[in-house]
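Novice: fold the following.
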Amino acid sequence: MVRRMIDELKPENVPSLAALKAAVKRQALVLALDEERAIAALPRLVPEMRHRRQGYDAVRTIMKSRGELTPGQEERFRRLAGILGLDSPVQGLKSA
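Specialist: Next up, the predicted model:
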C-alpha cells in the first residue's frame, strides 16, 4: 500500500528508505507522547482522500489478519474514519 503511494510520486519527490524509516520512528514517538494530537494531525499529513482511504484500508487489513476485531477496535476505526473524513468507515478487507 505505501509502496503504491510512493510509486505515484514524481521521481524527485520519492523519499529514500532512510528518510522513510526516520519518519516512521518520529511518528511512533509522537504517537506515544500524545496520541490524540497525533491522530488529529492525520488529515494534514495525508491531504488526499484517496491516500487516506488506502491507508485506512491497509491498516484494517493488517489488523484483521490477526482475527476479527474487538468492539473496542471497531470503535477506534469508526473514530479514525470520522477524523479522516471517510464517507464509509468500515470497508472490511476491501483493497484500495
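
Novice: helix or strand for residue 51, which one?
Specialist: Element membership of residue 51, judged by DSSP states H and E, is helix 49-64.

Novice: give me the distance from that helix to the chain's centre.
Specialist: With Cα atoms, centre = their mean, to the nearest Å as the basis, helix 49-64 stands 6 Å off its chain's centre.

Novice: which strands and helices lie in contact with it?
Specialist: helix 2-7, helix 71-84 (3 or more Cβ pairs under 8 Å, 6 or more residues apart in numbering; DSSP states H and E). Any C-beta I mention is one placed from the backbone N, CA and C, and that applies to glycine too.

Novice: if I look at the one residue sitting closest to the centre of the chain, how far off is residue 41?
Specialist: Centroid-nearest residue in the chain: residue 55, 3.8 Å away (criterion: Cα atoms, centre = their mean). According to Cβ to Cβ, to the nearest Å, residue 55 stands 13 Å off from residue 41.

Novice: need the pLDDT of the residue of the chain most remote from its centre.
Specialist: Within the chain, the residue lying farthest from the chain centre (Cα atoms, centre = their mean) is residue 12, at 23.3 Å. Residue 12 is assigned a predicted lDDT (pLDDT) of 70.

Novice: got the contact list for it?
Specialist: For residue 12, the contact set (Cβ atoms under 8 Å, 6 or more residues apart in numbering) is empty.

Novice: now it, what's its secondary structure?
Specialist: helix (DSSP: H, G, I helix; E, B strand; the rest coil).
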